[in-house]
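**Q** Got a sequence here, can you build the structure:
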Amino acid sequence: MELRQLKYFIKAAELQNFTNAAEALFITQSTLSQQIKQLEEELGLPLFDRVAKRVRLTEAGNSFLPYARKTVQDSEDGRVMLRDMMDLRTGVLNIGATYGLTNLLTKAVSDLSRQYPKVKLIVSFGTTQQLLHQLHTGKLDLMLSFYGQHNNDHVTIEPLFSSRLSLIVHSRHPVDANHSVSLKEVVSLPLILPSGGYSIRHQLDTILQSEGLHPDVSMEVNDIHMLLQLVKTSRWVTVLMSSTVEHDPELKSIAISGDGMAREATIAWPKDAYRKKSALILADSLRKHASDYESISRT
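**A** Below you'll find the predicted structure:
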């Protein structure tokens, strides 16, 4: 059993198509098919059902997939560990983040880049669920978000600071930033909200449902940057984490009164995976700057 065979198997399992998998791996389809066939012969069981041009994992394939992923990840962890011994003169750090923590992440990556300019940083933004999938499949080294399920079997959660669901308005909006607003007041305003894929939207919908409130949502947007640009036109307001608009002079956040508004910003790590030295340094910087946000959340 060869490492490359496991990599070919994993990619084919993810894409459920040999042609697409071969293209993604920059090899020919015949090479991929041959290597997977050899792997199946060595294991003594078929890993895929071949149906027309598509393939599906067999029961054996589904059972074998997590072990294949762990073997490949362990090999990568060993390689990274040896590279870390070179004092971070090279390397890549893959970071996932939700938009509400952009400001915090900007400070931390700036610190790391100044200290270790040779480390390449790849930052991916997405919804919590999208990033969790990338973390689970080894595409991210760590994830910065408001994910707080400490009982997840695949990740280890480290809390950073608490923030609150807040009404986000233009800085000249007549709502007073020094006083909180009720949910009834929020739903009476011209609302635009993140689309359903965002965990913050799920939290808000759950709270509104428990209160028997039904907002008239003018627009749903699956890009937080565009959502904020629309709020800056002064025609709409939205609901996001207060940390999203820190240091933005055109926007202000107003606390929403009631239970269930607080959320915890966290670092999520792949459970039992090797943590790169660069990732640990970045985490230290995140913790340092997070104390500023904790102070802001208490004011």
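
**Q** where are the low-confidence patches of the protein?
**A** Confidence mapping of the chain against pLDDT under 70 gives the ranges 85-86, 294-299.

**Q** What is the longest helix of it by residue count?
**A** helix 59-84 (DSSP state H).

**Q** tell me the domain ranges of this structure?
**A** By the record's domain assignment, the chain is partitioned as 3-68, 84-160+264-298, 163-262 (automatic domain parsing).

**Q** Which one of those lies nearest to residue 76?
**A** Of all the domains of the chain, the one in closest proximity to residue 76, counting by C-beta to C-beta, is domain 84-160+264-298 (7.2 Å). Where you see a C-beta, it was placed from the backbone N, CA and C, and this is true even at glycine.

**Q** starting at the chain centroid, how far to the closest one?
**A** 9 Å (C-alpha atoms, centre = their mean, to the nearest Å).

**Q** could you dump the domains of the chain to TSV with distance to residue 75 and mean neighbour count?
**A** Formatted as TSV, the entries for these read as follows, by distance: least, C-beta to C-beta, whole Å; neighbours: other C-beta atoms under 10 Å:
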stretch	distance to residue 75	mean neighbour count
domain 3-68	6	16
domain 84-160+264-298	11	17
domain 163-262	33	16
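
**Q** right, and the ones you listed - which one's nearest residue 74?
**A** Evaluated over the domains of the chain, closeness to residue 74 peaks at domain 84-160+264-298, with 8.3 Å, by C-beta to C-beta.

**Q** And the strands in the chain?
**A** Assigned strands in the chain, in chain order: 48-51, 54-57, 92-97, 120-125, 142-145, 155-170, 191-194, 217-221, 238-241, 251-255, 262-270 (criterion: DSSP state E).

**Q** Same list, the ones you listed, but as JSON lines with distance to residue 184 please.
**A** Putting these into JSON lines (distance: least, C-beta to C-beta, whole Å) gives the following:
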{"stretch": "strand 48-51", "distance to residue 184": "54"}
{"stretch": "strand 54-57", "distance to residue 184": "50"}
{"stretch": "strand 92-97", "distance to residue 184": "33"}
{"stretch": "strand 120-125", "distance to residue 184": "33"}
{"stretch": "strand 142-145", "distance to residue 184": "29"}
{"stretch": "strand 155-170", "distance to residue 184": "12"}
{"stretch": "strand 191-194", "distance to residue 184": "13"}
{"stretch": "strand 217-221", "distance to residue 184": "16"}
{"stretch": "strand 238-241", "distance to residue 184": "14"}
{"stretch": "strand 251-255", "distance to residue 184": "14"}
{"stretch": "strand 262-270", "distance to residue 184": "20"}
